[in-house]
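Novice: return atomic coordinates for the entry below.
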Amino acid sequence: MKTVLVLGTGFVAKPLVDDLLALPDVRLHLDGLDLERARRLINGHSRARALELDASEPSQVSPEIRSADIVVSLLPASQHAAIARSCLEHRVPLVTTSYISDEMRSLDAEARSRGVLLLNETGLDPGIDHVTAVRVIRRVEREGGSIESLASSCGAIPAPDSNTNPWGYKFAWSPRGVVLAARNPVRYLDGGTIVEKTFPALFDSPRAVQIEGIGRLEAYPNRDCLRYREPYGIDGIADFFRGTLRYPGWSRTWHTLFDLGLLDPEPGQRSEKTYAEFLSRHLPPGPGGLIERLCRLPGIEGEDDETISRLEWAGFLSDRPIPPGASSPLDVLSERLQRVLRYRAGERDMVVLQHEFRVRSAAGARRRILVRLVAFGCAGDDSALARTVSIPAAIACRLILDGRVPLAGVRIPVERELVSPILLGLERRGFHFEEREEEISESGGGVSMPSPPSR
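Specialist: Model prediction:
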């Protein structure tokens with residue numbers, strides 16, 4: 001029997017727990033602060049144990065890591081470096097679904113010298129985006145071609161039949177977390193020029209992305225994609241973009257929320273009793289009601305503007321009382337959005353991932369390659385988001401336990417020992433990756449792809 005220690009019982013944990021417990025030779029220890037949820041997730045399984053544990057306390061987590069054959073951390077990214085240091089101490093491999101932080105990256109030399117694998121970014125985005133992109137890139141290389149451009153976008157949004165509010169979004173996690181994630185600086189390549197933007201300028205010019213069978217979405221830039229040029233092997237690329245997908249209008253609305261000061265995370269004294277009073281305090285001074293004053297904001301195009309409609313629908317123009325406890329504008333906004341933008345029983349979420357490559361062959365012919373994943377799930381523990389984030393980590397965990405990943409150091413899943421097996425594992429679990437390509441002229445051309453499956 002091999003012991004897998006899973007740290008964290010959050011919203012993506014269930015598919016990973018289920019996947020690992022399907023292995024007859026795995027004993028699973030699920031540890032976190034929410035003991036009752038941990039017990040529900042393991043559901044009395046004879047080879048699983050739930051334990052209440054504070055992973056920020058080394059005295060609690062170190063003995064658990066020492067007794068494990070591998071650790072999977074679903075904790076917040078800020079806790080991963082401390083977990084990784086304990087894994088290095090006990091020479092236990094680690095898998096996470098989070099971006100590599102500078103602190104994690106600093107552990108690479110020690111991890112290599114100790115022969116310990118610290119595998120990060122093995123979720124959806126980052127994760128599935130890496131393995132699907134690298135598969136195409138390596139194939140083009142084998143054929144003697146080169147990658148001229150790559151635009152990669154991914155998002156988790158309500159399925160069209162569950163897209164029932166003006167915001168075009170429902171939160172599977174904290175709105176505060178969404179805002180804080182968007183505050184990361186972004187860099188991408190446009191015509192060989194490095195473009196750098198910070199929050200909220202990254203919302204200024206979202207890209208239109210057409211998904212057949214779904215319709216038009218928009219993508220705003222996601223973090224620093226230039227760090228992937230070397231691991232992907234595309235150092236000479238002229239255009240490289242990674243974006244977050246949303247339904248149209250999202251970027252414009254969130255830019256307005258920033259202009260209003262509603263995304264300010266700093267606590268302070270707050271005297272407003274109602275949402276209307278709260279919004280009024282953040283509007284430009286002057287005569288008129290809330291809508292008239294909203295119309296004076298940059299980018300608002302009259303009383304029927306979609307951003308005004310969204311704020312009104314969410315109750316920010318109403319006399320509803322603000323619940324106690326919120327000390328910052330972002331707290332007030334987050335609490336309200338969490339309340340009204342949530343999935344209801346029976347609703348579905350949807351994950352959309354799309355890569356668009358422009359490729360030049362060894363003979364000089366140019367073609368476009370489009371790779372797409374559209375996955376649906378039941379909102380909750382078995383949502384499309386939960387499955388696409390956690391199942392790649394579960395597959396990687398299986399590969400490492402089987403001795404099929406002879407790697408060490410701080411890594412992401414771009415090596416051949418990981419790319420093909422993770423993709424094969426995803427396909428065996430029902431994820432379907434559409435791929436189409438066509439020759440294009442110097443002036444462009446289109447790619448036709450079939451509609452995504454309904455489930």
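
Novice: C-alpha from now on. contacts and neighbour counts both.
Specialist: Fine.

Novice: so residue 194 sits in a helix?
Specialist: No - in this structure, residue 194 is strand, not part of a helix, as judged by DSSP: H, G, I helix; E, B strand; the rest coil.

Novice: please name the bridge partners of it.
Specialist: residue 189 (DSSP bridges).

Novice: got a list of what the residue nearest the centre of the chain touches?
Specialist: Central residue of the chain (Cα atoms, centre = their mean): residue 125, 4.6 Å from the mean position. Contact analysis of residue 125 by Cα atoms under 8 Å, 6 or more residues apart in numbering lists 154, 389.

Novice: and for residue 65?
Specialist: If you count contacts by Cα under 8 Å, 6+ apart, residue 65 has them with 5, 71, 86, 87, 90, 92.

Novice: does it belong to a helix, a strand or coil?
Specialist: helix.

Novice: that one and residue 89, how far apart?
Specialist: 9 Å (Cα to Cα, to the nearest Å).

Novice: with residue 106 instead?
Specialist: 15 Å.

Novice: quick check, residue 152 in contact with residue 245.
Specialist: No - applying Cα atoms under 8 Å, one finds residue 152 not in contact with residue 245, separated by 9.8 Å.

Novice: end to end, how far does stretch 20-33 reach?
Specialist: End to end - Cα to Cα - stretch 20-33 spans 21 Å.

Novice: next one: that stretch to chain centre, how far?
Specialist: Its chain's C-alpha centre and that of stretch 20-33 lie 24 Å apart, by Cα atoms, centre = their mean, to the nearest Å.

Novice: flag every buried residue along that stretch.
Specialist: 20, 21, 26, 27, 28, 29, 30, 31, 32, 33 (16 or more other Cα atoms under 10 Å).

Novice: pretty sure the fourth one contacts residue 21?
Specialist: Yes - proximity of residue 27 to residue 21 meets the contact threshold set by Cα under 8 Å, at 7.5 Å.

Novice: what do those two both touch?
Specialist: 47, 48.

Novice: buried set for the one helix or strand in the chain whose mean pLDDT sits lowest?
Specialist: Ranked by mean pLDDT, DSSP states H and E, the weakest helix or strand in the chain is helix 175-182, scoring a mean of 77. Neighbour-count burial for helix 175-182 flags 175, 176, 179, 182 (criterion: 16+ other Cα under 10 Å).

Novice: switch those over to CSV; also include distance to residue 284.
Specialist: Formatted as CSV, these follow (distance: Cα to Cα, whole Å):
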residue, distance to residue 284
175, 25
176, 24
179, 23
182, 25
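
Novice: export the longest helix that the chain contains as PDB, just CAs?
Specialist: Counting residues, the longest helix in the chain under DSSP state H turns out to be helix 384-401. In PDB, the C-alpha atoms belonging to helix 384-401 read as follows (Å, rounded to 0.1, in the frame of the first residue of the first chain):
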ATOM      1  CA  ALA A 384     -16.300  20.900 -14.700                       C
ATOM      2  CA  LEU A 385     -14.000  23.300 -12.900                       C
ATOM      3  CA  ALA A 386     -13.400  20.900 -10.000                       C
ATOM      4  CA  ARG A 387     -12.800  18.000 -12.300                       C
ATOM      5  CA  THR A 388     -10.400  19.800 -14.700                       C
ATOM      6  CA  VAL A 389      -8.400  21.300 -11.900                       C
ATOM      7  CA  SER A 390      -8.000  18.200  -9.700                       C
ATOM      8  CA  ILE A 391      -8.000  15.200 -12.100                       C
ATOM      9  CA  PRO A 392      -4.700  16.200 -13.800                       C
ATOM     10  CA  ALA A 393      -3.100  16.300 -10.300                       C
ATOM     11  CA  ALA A 394      -4.600  12.900  -9.600                       C
ATOM     12  CA  ILE A 395      -3.200  11.400 -12.800                       C
ATOM     13  CA  ALA A 396       0.300  12.900 -12.100                       C
ATOM     14  CA  CYS A 397       0.200  11.500  -8.600                       C
ATOM     15  CA  ARG A 398      -0.500   8.000 -10.100                       C
ATOM     16  CA  LEU A 399       2.300   8.300 -12.500                       C
ATOM     17  CA  ILE A 400       4.800   9.300  -9.800                       C
ATOM     18  CA  LEU A 401       3.700   6.500  -7.500                       C
END
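
Novice: so what touches it?
Specialist: 2, 11-16, 19-20, 69-70, 72, 95-97, 122-125, 127-128, 156, 349-351, 375-378, 405, 418, 421-422, 425-426.

Novice: sec struct for residue 370, please.
Specialist: strand.

Novice: what's the pLDDT at it?
Specialist: On pLDDT, residue 370 comes in at 96.

Novice: residues contacting it?
Specialist: Applying Cα under 8 Å, 6+ apart, the residues near residue 370 are 354, 355, 356, 357, 434, 435, 436, 437, 447.

Novice: any idea how far residue 422 is from the fourth one?
Specialist: When Cα to Cα is the yardstick, residue 357 and residue 422 sit 21 Å from each other.

Novice: quick one: which of the two has more around it?
Specialist: Taking other Cα atoms under 10 Å, residue 357 and residue 422 do not tie; residue 422 has more neighbours (26 against 23).

Novice: you'd agree that one is in a helix?
Specialist: Yes - counting by three-state DSSP, residue 422 falls inside a helix.

Novice: need the contact list for it.
Specialist: 131, 392, 395, 396.

Novice: nearest to residue 209, of those residues?
Specialist: residue 131 (21.0 Å; Cα to Cα).
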